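Trainee: Give me coordinates for this.
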Amino acid sequence: MSPAKLWLLKLSQRAKRARYAVEAAFAFGVLALLKPLPADAAISTLAAVLRRIGPFLPRQKVVLDNLAHAMPELDEAERRAIARSMWENLGRQVAEYVFLDQLFDYDPDAATVGRIEVSGRELFQRIHATGEPAIFFTGHTGNFELLPICAATFDLEVTALFRPPNNPYVARRVLAARTTTMGALVPSKTGAAAGLAKALQDGASVGVLVDQKFRRGRLGTFFGQPVRTNPLLPKLARQFECPVYPARCVRLPGNRFRLELEEAVELPRGEDGRIDVDASCQMLNDIVERWVRDYPDQWMWLHRRWDPTSLVDPRADAASQKA
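Mentor: So this is what the prediction gives:
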């Protein structure tokens, strides 16, 4: 690399770091202003702000493009209405990071229902009673951060795979917030598969978000559109032959939540009796699609799930076929 190009690269990196620092300072400042408020007031305030300004942010184009891909039967006004509600949901979730410990008030032995209700309590209890590891998966619906906290309520040790935010300053703050309320965390980078495999081998359960773009993933469909999906979950299930449970969070009126744990799914198997990774990835996509169709405004449409550049990379197919 020539000195001029090297200088430009360093300048670009410094500019990016400066932008990240400004963005993080703004975000932390907003959260600091919200922290002294009562939880409900703080959450509703940021929700109202993002509902108003979200449609004017650059990411709004991605949101509307994704909605057009997924739900072409909706007209423009309907898609924009979902987008506004999605921004509101995002505002609530960001504010809820500050109050996670206060929000989670679920008590399995309580006579009355509080802010959190759980559907599938008997499944949590059954999994705990067996003492065997399990794989839980979810999508970016409702406030998905509450699911590992719920598992801990039933004395289930869950090692969760998570994707850190691109902003390193925000990533450190988010990781600190999650660590105080959840089990072990494994960043989604090189070595993540080994980290989750080690947890299962040690008898712990693992949790995985399965609705993100994965450039070298298996080719399938989501809302009838081609996508690539991370094959990590079916590969782990194939290696350890442990049960796989769908779980989701549904946001309810009044800053309340319903956490739903579904019965274990039977992942498709090939003629050799082993779990079929490609067919299993498609099953995961179909389950998440069902959830999104149930509550489209509670899913994060701002992810580039249908990025066409990930569908034409010939290296992806070669890498994804490795068992």
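Trainee: got the phi/psi numbers for residue 96?
Mentor: According to degrees, to the nearest 10, the main-chain angles of residue 96 amount to phi -70, psi -20.
Trainee: Low-confidence stretches in the stretch 101-250 of the chain?
Mentor: Low-confidence segments of the stretch 101-250 of the chain, defined by pLDDT under 70: 162-165, 171, 174-191.
Trainee: all strands for it, in order.
Mentor: For the stretch 101-250 of the chain, applying DSSP state E, counting those that start in this stretch gives strands covering 116-119, 135-138, 158-162, 185-187, 205-209, 218-222, 225-229, 244-252.
Trainee: who wins for proximity to residue 129 among those?
Mentor: Nearest of the strands of the stretch 101-250 of the chain to residue 129, taken as Cβ to Cβ: strand 205-209 at 13.4 Å. (Each C-beta comes from the backbone N, C-alpha and C, glycine too.)
Trainee: partner strands of that closest one, parallel or antiparallel?
Mentor: Take DSSP bridges as the rule and strand 205-209 pairs in its sheet with strand 135-138 (parallel), strand 158-162 (parallel).
Trainee: could those be laid out in a markdown table, adding mean neighbour count?
Mentor: A markdown table is the format used below for these (neighbours: other Cβ atoms under 10 Å):
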| stretch | mean neighbour count |
| --- | --- |
| strand 135-138 | 24 |
| strand 158-162 | 22 |
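Trainee: Nearest residue to residue 39 in space, ignoring adjacent ones along the chain?
Mentor: Closest residue to residue 39 apart from its sequence neighbours, by Cβ to Cβ, 6 or more residues apart in numbering: residue 99 at 4.2 Å.
Trainee: Look up phi and psi at residue 44.
Mentor: For residue 44, the backbone dihedrals are phi -70, psi -30 (criterion: degrees, to the nearest 10).
Trainee: For it, list the residues it contacts.
Mentor: Residues near residue 44 by Cβ atoms under 8 Å, 6 or more residues apart in numbering: 92, 255.
Trainee: can you check residue 280 too?
Mentor: 231, 233-234, 237, 267-268.
Trainee: With respect to residue 25, which of those is nearest?
Mentor: Looking across the contacts of residue 280 and measuring by Cβ to Cβ, the closest to residue 25 is residue 233, at 36.4 Å.
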